[in-house]
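Trainee: fold the following for me, if possible:
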Amino acid sequence: MKDNIVLEMKNIHKSFPGVRALQGVDFKLCKGEVHALMGENGAGKSTLIKVLTGVYEKDDGEIYLEGNEKAVVIRSPQDAQNLGISTVYQEITLCPNLSVAENMYIGRTSSMLRDWKKMNADAEKILKSLDIPATATQELSSCSIAVQQMVAIARAVDMECKVLILDEPTSSLDEQEVEKLFKLMRDLKKRGVSIIFVTHFLDQVYEICDKITVLRDGKLVGEFEIKDLPRVQLVAKMLGKEMDDMSDIRGEHAVYAGEDAGLSVFEAEGLVSDAGIKPFDFHIKKGEVNGFTGLLGSGRSECVRAIFGADRVLGGTAKKGGKTVKITKPLDAMKQGIGYLPEDRKRDGIVGDLSVRENIILALQVLKGFFRPFSKAEANKFAEEYIKLLDIKTASADTPIKSLSGGNQQKVILARWLLTHPEYLILDEPTRGIDVGTKVDIQKLVLKLASEGVSVTFISSETDEMLRTCSRLVVMRDRKVVGELSGDELTQSMIMSTIAGGDKE
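Mentor: The predicted model follows:
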């Protein structure tokens, strides 16, 4: 068995300031094996891959190749490449303006690039042997994303890689393109190439992989044969919730009791965007808190971005208060009384160099129009009201928002939307990266808003939090809706079995 081992990583440690990213992680890869590396956001997958490929230098541990007793030293990606370790990333790192052949050989040998005829002939031979639907002389940009990834794989294979790392290679592919990629992976497997497959798609893992290694919070949970790990158990191991720890922890919800309680506020039918989600139906009632749940990469954020018009909508219909509305951009949604707190507050939420005051009034100013600015007195009044209401810790309303803590930045973005008095508020990961006390404050605020008649869609990676705040959950897997839970169904075990596709073994 030892002769069959291509790669062994033992007791790998890696820390960054304030974060222990990897704590004694072991990983083993055999010849001609497709091995999934699984774990939620922050589990340590990317760090482990970067240690293996020389992007990061490990703090402790050893890496062995092909059963050798002497550990190898990998200080750079070039070292890794020289040892036969190649990576194909989610984002294509080739040159789209060059030909397929040039991309396969650039940076490797100057003599090959001088002999164009031989370079094209050799590239054509490799493309045919791997059944890649491209020609050596065509410009790479004319190929689909799937074919570009295959070209990157062909480049790695021609460099005699022993370990091929595919980092989220299918995230931008449709089903037919995924099948073409899997065909190539199976062919490489037969040739003895060992593949590490990093992905969030459960269905794909069970279709193509032989083994799974699960990481959680920088630690190894375990290595498993595919046949020995039912999907529901895989989800449990990734989330850290074993099946005997599945009690229903939802608290009592404040219930909106107005005359229009139970009426639909927003509905979508067959909604689909250019972010790759499958067409989905969705509705939310007056004063309801519902949510999208699923593993990272399941399509939760893409669904709400489609609702808000943050991604380009390709099809489907939307209704607000029973009337058909057209939402093609965020301003359309805002005019319909919809607010949206995005998942990435630093990229899509705050305007770092502006003050707390300016960030708070931003959405209302957009609705009013920038040619009709608020007076300084009005802006101060709004800011002071919401700084007090949400207990935002800031020296003053003039303080640049970038100098606030993450939790207080999040409260400022919440204040921005509350100031518009939305009928429907979408909160995507509103408590990520903030302290426990602020998390509880935000959860309480969500329930308070619902009791006052605001409809809220709430998304969190923490299922405990979802169960505390939501009365109905839409369950996502592999970018499509796979179920809906409410009432007594709102338990950890039901969420996990639905994510896993009903597999309760």
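
Trainee: all strands in the stretch 201-350 of the chain, in order from the N-terminus.
Mentor: Secondary structure of the stretch 201-350 of the chain by DSSP state E, counting those that start in this stretch: the strands cover 211-216, 219-225, 264-273, 280-285, 289-293, 313-320, 323-325, 338-341.

Trainee: now the angle from the third one to strand 280-285?
Mentor: Orientation note: strand 264-273 sits at an angle of 160 degrees relative to strand 280-285 (axes from the mean of the first three to the mean of the last three CA atoms, to 10 degrees).

Trainee: by contact count, what packs against strand 264-273?
Mentor: Using 3 or more CB pairs under 8 Å, 6 or more residues apart in numbering; DSSP states H and E as the contact criterion, the neighbours of strand 264-273 among helices and strands are strand 280-285, helix 300-308, strand 313-320. For every residue, glycine as well, the C-beta is placed using N, CA and C.

Trainee: return the most buried member of these.
Mentor: Of all the helices and strands packed on strand 264-273, helix 300-308 carries the top mean neighbour count, a mean of 25, counting by mean count of other CB atoms under 10 Å.

Trainee: circling back to that earlier point, relative to Leu362, which of the helices and strands packed on strand 264-273 is closest?
Mentor: Distances from Leu362 to each of those were compared by CB to CB, and the smallest falls on helix 300-308, at 15.5 Å.

Trainee: low pLDDT regions in this protein?
Mentor: Along the chain, the parts satisfying pLDDT under 70 run over 1-3, 41, 90-91, 108-114, 171-172, 241-254, 345, 433-438, 502-505.

Trainee: isn't Leu447 right next to Val289, touching?
Mentor: Yes. Leu447 is in contact with Val289 according to CB atoms under 8 Å; the separation is 7.0 Å.

Trainee: between the two, tell me which one has more neighbours.
Mentor: Per other CB atoms under 10 Å, whichever of Leu447 and Val289 has more neighbours is Val289, with 28 against 19.

Trainee: what's the separation between the more buried one and Phe266?
Mentor: Distance of Val289 to Phe266, given as CB to CB, to the nearest Å: 13 Å.

Trainee: dump the strands of the stretch 201-350 of the chain into JSON lines; add distance to Ser301 as well.
Mentor: Below are the strands of the stretch 201-350 of the chain laid out as JSON lines (distance: least, CB to CB, whole Å):
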{"stretch": "strand 211-216", "distance to Ser301": "21"}
{"stretch": "strand 219-225", "distance to Ser301": "25"}
{"stretch": "strand 264-273", "distance to Ser301": "11"}
{"stretch": "strand 280-285", "distance to Ser301": "13"}
{"stretch": "strand 289-293", "distance to Ser301": "8"}
{"stretch": "strand 313-320", "distance to Ser301": "15"}
{"stretch": "strand 323-325", "distance to Ser301": "22"}
{"stretch": "strand 338-341", "distance to Ser301": "11"}
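
Trainee: so which of these is nearest Val205?
Mentor: strand 211-216 (6.5 Å).

Trainee: pull the CA atoms of that closest one into PDB?
Mentor: Output for strand 211-216, consisting of C-alpha atoms alone and laid out as PDB, is shown next (Å, rounded to 0.1, in the frame of the first residue of the first chain):
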ATOM      1  CA  LYS A 211     -12.100   9.300  -1.300                       C
ATOM      2  CA  ILE A 212     -12.900  12.400   0.800                       C
ATOM      3  CA  THR A 213     -10.800  14.200   3.300                       C
ATOM      4  CA  VAL A 214     -12.800  16.600   5.500                       C
ATOM      5  CA  LEU A 215     -11.300  19.600   7.300                       C
ATOM      6  CA  ARG A 216     -13.000  21.800   9.900                       C
END
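
Trainee: that one pairs with which strands, parallel or anti?
Mentor: Under the criterion DSSP bridges, strand 211-216 sits next to strand 34-38 (parallel), strand 219-225 (antiparallel) in its sheet.

Trainee: can I get the shortest one in CSV? Just the C-alpha atoms.
Mentor: This points to strand 34-38. Extracted in CSV, the C-alpha atoms of strand 34-38 (Å, rounded to 0.1, in the frame of the first residue of the first chain):
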residue,chain,number,x,y,z
VAL,A,34,-9.5,11.3,-7.4
HIS,A,35,-9.6,12.6,-3.8
ALA,A,36,-12.0,15.3,-2.7
LEU,A,37,-10.9,17.9,-0.2
MET,A,38,-14.0,19.2,1.6
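
Trainee: so which residues make contact with the helix or strand just after that strand?
Mentor: Taking DSSP states H and E as the definition, the helix or strand that follows strand 34-38 towards the C-terminus is helix 45-52. For helix 45-52, the surrounding residues in contact (CB atoms under 8 Å, 6 or more residues apart in numbering) are 7, 9, 12, 14, 21-22, 25, 27, 37-39, 56-58, 63, 74, 80, 85, 87, 163, 165, 167, 196, 198, 215, 218.

Trainee: may I have the phi/psi pair for Ile472?
Mentor: Not quite, residue 472 is Arg, not Ile. phi -150, psi 140 (degrees, to the nearest 10).

Trainee: can you pull the contacts of it?
Mentor: 288, 290-291, 484-486, 490.

Trainee: and these, which are buried?
Mentor: If you count burial by 16 or more other CB atoms under 10 Å, the buried members of those come out as 288, 290-291, 485, 490.

Trainee: would you format those residues as TSV with distance to Lys402 included?
Mentor: Formatted as TSV, the entries for these read as follows, by distance: CB to CB, whole Å:
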residue	distance to Lys402
Glu288	35
Asn290	33
Gly291	29
Leu485	39
Leu490	38
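
Trainee: relative to Lys117, which of these is nearest.
Mentor: Ranking the buried ones among the contacts of Arg472 by separation from Lys117, with CB to CB as the measure, puts Gly291 on top at 59.5 Å.

Trainee: just confirm that closest one contacts Glu462, I think it does.
Mentor: No. Counting by CB under 8 Å, Gly291 stays clear of Glu462, with 11.2 Å between them.

Trainee: contacting residues for the spatially most central residue of the chain?
Mentor: For the chain, the residue sitting closest to the mean C-alpha position, by CA atoms, centre = their mean, is Gly297 at 3.9 Å. For Gly297, the contact set (CB under 8 Å, 6+ apart) comprises 168, 171, 199-201.

Trainee: coming back round to it: looking at the contacts of Arg472, spot the one nearest Pro279.
Mentor: Taking CB to CB as the measure, Glu484 is the one of the contacts of Arg472 closest to Pro279, at 15.5 Å.

Trainee: doesn't that closest one lie inside a strand?
Mentor: Yes. With the criterion set as DSSP: H, G, I helix; E, B strand; the rest coil, the secondary structure at Glu484 is a strand.

Trainee: make a markdown table out of the contacts of Gly297 and add neighbour count, distance to Gly32 and secondary structure.
Mentor: A markdown table is the format used below for those (neighbours: other CB atoms under 10 Å; distance: CB to CB, whole Å; DSSP: H, G, I helix; E, B strand; the rest coil):
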| residue | neighbour count | distance to Gly32 | secondary structure |
| --- | --- | --- | --- |
| Glu168 | 18 | 22 | coil |
| Ser171 | 15 | 25 | coil |
| Thr199 | 23 | 19 | coil |
| His200 | 24 | 25 | coil |
| Phe201 | 21 | 22 | coil |
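
Trainee: want to throw these into JSON lines with distance to Met334?
Mentor: Below are these laid out as JSON lines (distance: CB to CB, whole Å):
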{"residue": "Glu168", "distance to Met334": "32"}
{"residue": "Ser171", "distance to Met334": "29"}
{"residue": "Thr199", "distance to Met334": "35"}
{"residue": "His200", "distance to Met334": "31"}
{"residue": "Phe201", "distance to Met334": "33"}
